[in-house]
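Asks: Predicted model and sequence follow; I will ask about them next.
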Amino acid sequence: MNSPITGKKLYIQEVSVRDGFQIEPRFIPTEQKVELINALSRTGLAKIEVTSFTSPKAIPNLADAEAVMQQIDRIDGVLYAVLVPNVRGCERALACGVDEINLFMSASATHNLANLRMTQEQSLSQFEQVVRHIDGRVAINASLSTAFGCPFDGAVPDRVVFDLVQRYLDMGINAVSLCDTTGVANPAQVERVCAQVRERWPELVLTAHFHDTRAMGLANVLAALRAGIDRFDASLGGLGGCPFAPGASGNVCTEDMVHMLQAMGYDTGVNLDQLIEISRLLPEIVGHDVPSQVAKAGPYTRRYPVPESVRALSGANQ
């Protein structure tokens, strides 16, 4: 891999309070969600996906979407996005003054049925309705789940991904997230698909969204970087996973990813020390340990006191 351009700007987009909290078995109180988002807003993150305006029955932990969106501090320079499944969800989101609406469907037909209870064509029809309803009032991003493989159908042909990206563009959507929903992608595949999407549609605002289900998340981030991607979703502590994808564990951990990128010389705009401090609060919030490695070990710049026995040896040898 070529050495990175020192200081090259990357955009880190936090999804823990939506993608992470949606599968937690116990309800995270609204006040805790608001406090966490407010803290994250002050770390230098480019975007925070705050919540999802979907049915409370489908995702009980995000039943307080309006309350959270209305109570958070809005920090300049941070884009506050939400996930919506349909026009009704879009109406609720717009009433809360969101900055961006994220639409979602799957590249795999079977996963789309499992996740959304509709065919891909029905999902695309929903997209068109939402785009018309928004009518340019806020930004739109379209997430393509299982873009690198499906837990039911297996491999997803590249052409399917490209065809769906083109359908998005035809609707007027010019921001797309390619999502490895179940952590099946490998670096060679990621570099190939992302490079081809970048080459075909250079005007597209492209985000990479990886899960670390099989310990390839950070490797896939590096592969996407090689392909020219500069926007990455990640989840504080490594929280998350798709509730409709068997075996899908958490997202790439935000602090682990930021730590790696900053060590390589990239400019993430994120205060890593603040991010680590916030991450260390997560186990108490969710009631269990989280995958984060950097929050446990500290950054690579961490130094430890020299043991007295070593000091004595050092003095004796002078």
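Replies: Thanks, I have it.
Asks: Run through the strands of the stretch 1-150 of the chain in chain order.
Replies: Along the stretch 1-150 of the chain, counting by DSSP state E, counting those that start in this stretch, strands occupy 11-14, 47-52, 79-83, 100-106, 139-145.
Asks: Would you confirm that Gly269 contacts Ile12?
Replies: Yes - in terms of C-beta atoms under 8 Å, Gly269 counts as a neighbour of Ile12; the distance is 7.2 Å. C-beta: built from backbone N, CA, C; applies to glycine.
Asks: Helix, strand or coil: sort out the spatially most central residue of the chain for me.
Replies: Centroid-nearest residue in the chain: Asp233, 2.8 Å away (criterion: C-alpha atoms, centre = their mean). For Asp233, the assignment made with DSSP: H, G, I helix; E, B strand; the rest coil gives strand.
Asks: before we move on, back to that, in TSV: the strands of the stretch 1-150 of the chain, plus mean neighbour count and mean pLDDT.
Replies: Shown next, in TSV, are the strands of the stretch 1-150 of the chain (neighbours: other C-beta atoms under 10 Å; pLDDT from 0 to 100):
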stretch	mean neighbour count	mean pLDDT
strand 11-14	23	98
strand 47-52	26	98
strand 79-83	23	98
strand 100-106	24	97
strand 139-145	23	98
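Asks: And those: which comes nearest Ala155?
Replies: Closest approach to Ala155 among the strands of the stretch 1-150 of the chain is made by strand 100-106 (13.8 Å; C-beta to C-beta).
Asks: can you give me the strands for the stretch 151-300 of the chain?
Replies: 175-180, 205-210, 231-234.
Asks: From the chain's centroid, how far away is the last one?
Replies: The offset between the C-alpha centroid of strand 231-234 and the centroid of the whole chain comes to 5 Å, using C-alpha atoms, centre = their mean, to the nearest Å.
Asks: Give me the sheet partners of that strand and which way each runs.
Replies: strand 11-14 (parallel), strand 205-210 (parallel) (DSSP bridges).
Asks: so what sits against both of Gly269 and Ile12?
Replies: Residues touching both Gly269 and Ile12 by C-beta atoms under 8 Å, 6 or more residues apart in numbering: Leu45, Ala46.
Asks: Tell me where the model's unsure across this structure.
Replies: 1-6, 242-249, 315-318 (pLDDT under 70).
Asks: go with 80
Replies: Residues of the chain meeting the criterion pLDDT under 80: 1-6, 241-249, 314-318.
Asks: List the buried residues for stretch 31-40?
Replies: Within stretch 31-40, the residues that count as buried by 16 or more other C-beta atoms under 10 Å are Gln32, Lys33, Val34, Glu35, Leu36, Ile37, Ala39, Leu40.
Asks: what do you get for stretch 123-135?
Replies: Ser123, Leu124, Gln126, Phe127, Val130, Val131, Ile134.
Asks: From Phe232, how far out is the first one?
Replies: Same thing as Ser123. 24 Å (C-beta to C-beta, to the nearest Å).
Asks: can you check the second one too?
Replies: The gap separating Leu124 from Phe232 is 26 Å, by C-beta to C-beta.
Asks: who are the neighbours in contact with Gln274?
Replies: With contacts defined as C-beta under 8 Å, 6+ apart, Gln274 is in contact with Ala39, Arg42, Thr43.
Asks: so of the residues you listed, which ones are in helices?
Replies: Among those, DSSP state H puts Ala39 in helices.
Asks: Using TSV, lay out the contacts of Gln274 together with distance to Ala295.
Replies: As requested, the contacts of Gln274 are exported to TSV (distance: C-beta to C-beta, whole Å):
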residue	distance to Ala295
Ala39	14
Arg42	18
Thr43	13
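Asks: So which of the contacts of Gln274 is the closest to Ser55?
Replies: The closest of the contacts of Gln274 to Ser55 turns out to be Ala39 (C-beta to C-beta; 28.5 Å).
Asks: what's around the residue lying closest to that closest one once chain neighbours are set aside, how many residues?
Replies: Spatially, and ignoring its direct neighbours in sequence, Ala39 is nearest to Ile278 (5.0 Å; C-beta to C-beta, 6 or more residues apart in numbering). If you count neighbours by other C-beta atoms under 10 Å, Ile278 ends up with 22.
Asks: so Ile278 makes contact with Asn38?
Replies: No - counting by C-beta under 8 Å, Ile278 stays clear of Asn38, with 10.2 Å between them.
Asks: So Ile12 versus Ala195, what's the distance?
Replies: According to C-beta to C-beta, Ile12 and Ala195 sit 21 Å apart.
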